[in-house]
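Chemist: My questions concern the predicted model and sequence given below.
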Amino acid sequence: MEELQQIMDEEQNITKDTDFSLVQVKGTWKRQKASCHGHKGRVSAAKICESTSSHAISWTVVSPITFTYTVTQTHDLLNPSNDTLLMGHIRDPKQLEDFRSSTKPIKRFVVMDETVYNLYGSQVTDYFRARNVLYRILPLPTTEENKSMDMVLKILEEVHRFSIDRRTEPIIAIGGGVCLDIVGLAASLYRRRTPYIRVPTTLLSYIDASVGAKTGVNFANCKNKLGTYIAPVVVFLDRAFIQTVPRRHISNGLAEMLKMALMKHKGLFELLETKGRFLLDSKFQSTSGLHGNCPASVSTRLAIETMLEELAPNLWEDDLDRLVDFGHLISPELEMKILPCLLHGEAVNIDMAYMVYVASESGFLTDVEKIRIIRCMLRLELPVWHQALSFTLVQKALNDRLQHCGGLMRVPLPIGLGRAEIFNDVRNDTLYKAYEKWCDDLGPGSEQ
């Protein structure tokens, strides 16, 4: 009798799972068992799994979300005869045809960094006027110190006042990385997701901030503590903007390019090693066009391609093992601690220089490779040491990383020029020995 009762109890506890597909019939979505094909209509990629037991009924929704965005290198972006700024985000030929034939007024809301507005505001205005666009340009002081939710809310208030179509009138961000991050966050919040376009105007934003999906602002004295993963519909890259960027800021961008070179591409490293000073002097301008083999074209193309290789499979950072985090383990703490003394790329490079010593101390780099890397950094006019980066700060930053990286260090380190791996077992004594050598070689009184 007891055995029979046990069998009955076990049968009651059996969970039954049923998978349903979703089919749209005459405007209504209907579920049907995945094994059946009763309804004819548009089939969704989503599905619902119904699970029943004696204790509960649950429905698990599996809804694949695909983001498609384009990174486009172009030139003469602000030339009124160039359609790119207005139509370059439209990929569907039918939608493009409808846009061209529409009599509806074109509206664009544009946020520009204040400095960029002073340089290019009249050209943007002339472009929209020549194209009969109803526009609103909002210049803002988008600096690291102002990178806050207050700035996001200011943008949202102006967007609301101007009134845009949530699907067909993308917000345009023109500026450096801070501007692109802030505007991206604002767009992701407005009506839960409004399309936006990035137009980077600095080298750092050209090869780094513009090509990924991350948006964000600083919060609680922490860098990019608030943010979303919402990609722009398109990024328009025009190297002409870089010609008005101060030399220090070009050097700042070269740090992120060097990061990708050290992690993934020896050829890019060697190009920076031999032509880095020329790129600084020429401000990445060339006469060979987009498809030429000049250092500016090759280096930016390789930096973007290697960055996209790492970002595209992991846009939402589901995988926390990220080579692109090289130089970003300690630098956020350092940058925020002494803001605004260091630019972002400068803080990243100081982090990278120290980690090169960690890689050398771990036996992953030879002394010759270590020296080549440091000399390349110096030729790119990047700082390789800072007194504010104490060993206490190193330990704090890495302990914080353990907390937000699933209990693992996940330290990207070069294991040669253009090759890298992720390590979870970097010992504290290795970190300290590397720190001492780093300070001895590159600190005050050293012969760099």
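Modeler: All right, it came through fine. Since we're looking at a predicted model, the values are computed, not measured.
Chemist: Next, name the residue at the spatial heart of the protein.
Modeler: The centroid of the chain falls nearest to residue 212 when counting by CA atoms, centre = their mean (3.3 Å).
Chemist: And for that one, nearest residue in space, chain neighbours not counted?
Modeler: Nearest residue to residue 212, sequence neighbours excluded (CB to CB, 6 or more residues apart in numbering): residue 311, at 4.8 Å. To be clear about C-beta, it is placed using only N, CA and C from the backbone, and glycine gets the same treatment.
Chemist: what's the burial count for that neighbour?
Modeler: When neighbours are counted by other CB atoms under 10 Å, residue 311 registers 17.
Chemist: Quick check: which element contains it?
Modeler: helix 295-311 (DSSP states H and E).
Chemist: So, low pLDDT: which residues of the stretch 251-400 of the chain?
Modeler: Within the stretch 251-400 of the chain, no stretch has pLDDT under 70.
Chemist: follow-up on the earlier one: list the buried ones in the helix holding residue 311?
Modeler: For helix 295-311, burial by neighbour count (16 or more other CB atoms under 10 Å) applies to 295-304, 306-307, 310-311.
Chemist: the helices in the stretch 1-150 of the chain, which residues?
Modeler: 2-12, 84-87, 93-101, 114-130, 149-162 (DSSP state H, counting those that start in this stretch).
Chemist: Would you reformat the ones you listed as TSV and include mean neighbour count and distance to residue 272?
Modeler: Output for the helices of the stretch 1-150 of the chain, formatted as TSV (neighbours: other CB atoms under 10 Å; distance: least, CB to CB, whole Å):
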stretch	mean neighbour count	distance to residue 272
helix 2-12	9	67
helix 84-87	18	29
helix 93-101	11	39
helix 114-130	17	26
helix 149-162	16	34
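Chemist: TSV please, covering these and showing mean pLDDT and distance to residue 334.
Modeler: Formatted as TSV, those follow (pLDDT from 0 to 100; distance: least, CB to CB, whole Å):
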stretch	mean pLDDT	distance to residue 334
helix 2-12	54	59
helix 84-87	96	37
helix 93-101	92	46
helix 114-130	98	24
helix 149-162	98	23
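Chemist: now for the ones you listed, which one comes closest to residue 199?
Modeler: helix 84-87 (7.7 Å; CB to CB).
Chemist: measure residue 442 to residue 57 for me?
Modeler: Using CB to CB, to the nearest Å, one gets 63 Å for the distance from residue 442 to residue 57.
Chemist: Settle it for me: which of the two has more neighbours?
Modeler: Between residue 442 and residue 57, counted using other CB under 10 Å, the more crowded position is residue 442 (21 against 9).
Chemist: Residue 375 is in contact with that one, correct?
Modeler: No: the pair residue 442 / residue 375 is not scored as a contact, 11.4 Å apart, by CB atoms under 8 Å.
Chemist: contacts for the following helix or strand past the helix holding residue 311?
Modeler: Following helix 295-311 in sequence order, the next helix or strand is helix 331-337 (DSSP H and E). For helix 331-337, contacts defined as CB atoms under 8 Å, 6 or more residues apart in numbering pick out 144, 218, 221-224, 342, 344, 347-348, 350-351, 386, 388-389, 393, 396-397, 400.
Chemist: Any idea what residue 219 is bridged to?
Modeler: residue 222 (DSSP bridges).
Chemist: Tell me the spacing between it and residue 231.
Modeler: Distance of residue 219 to residue 231, computed by CB to CB: 22 Å.
Chemist: Repeat that for residue 150.
Modeler: Taking CB to CB, one finds residue 150 at 25 Å from residue 231.
Chemist: likewise residue 74?
Modeler: To residue 231, residue 74 is 18 Å away according to CB to CB.
Chemist: Kindly report the same for residue 177.
Modeler: Distance of residue 177 to residue 231, computed by CB to CB: 15 Å.
Chemist: So residue 116 is in contact with residue 180, correct?
Modeler: No: the criterion here is CB under 8 Å, and residue 116 misses it with residue 180 at 11.2 Å.
Chemist: Low-confidence regions, the stretch 101-250 of the chain specifically.
Modeler: Along the stretch 101-250 of the chain, no part satisfies pLDDT under 70.
Chemist: do that again at 90, thanks
Modeler: 166-167, 209-210 (pLDDT under 90).
Chemist: and the residue nearest to the centre of the chain, what element?
Modeler: Using DSSP H and E, residue 212 sits in no helix or strand.
Chemist: wait, what's in contact with it?
Modeler: Contact analysis of residue 212 by CB under 8 Å, 6+ apart lists 231, 307, 311, 315.
Chemist: The strand or helix carrying residue 281: which residues count as buried?
Modeler: For residue 281, the element it lies in under DSSP H and E is helix 266-282. Neighbour-count burial for helix 266-282, counted by 16+ other CB under 10 Å, picks out 268-269, 271-273, 275-276, 279-280, 282.
Chemist: Next, count neighbours for the nearest residue to residue 255 once chain neighbours are set aside.
Modeler: Among residues not flanking residue 255 along the chain, residue 345 sits closest, at 3.5 Å (CB to CB, 6+ apart). Using other CB under 10 Å, the number of residues around residue 345 comes to 32.
Chemist: quick one: residue 345 and residue 203, what's the gap?
Modeler: 9 Å.
Chemist: what does residue 93 give?
Modeler: With CB to CB as the criterion, residue 93 and residue 203 are 34 Å apart.
Chemist: List phi and psi for residue 371.
Modeler: phi -60, psi -40 (degrees, to the nearest 10).
Chemist: who are the neighbours in contact with it?
Modeler: Per CB under 8 Å, 6+ apart, neighbours of residue 371: none.
Chemist: Could you measure from it over to residue 441?
Modeler: Residue 371 is 9 Å from residue 441, by CB to CB.
Chemist: just the strands in the chain please.
Modeler: 16-25, 28-33, 42-52, 57-62, 70-73, 106-113, 133-140, 171-175, 196-200, 217-219, 222-226, 234-237, 411-416, 419-423 (DSSP state E).
Chemist: So for residue 291, which of those sits nearest?
Modeler: Using CB to CB, the strands of the chain put strand 70-73 closest to residue 291, at 9.3 Å.
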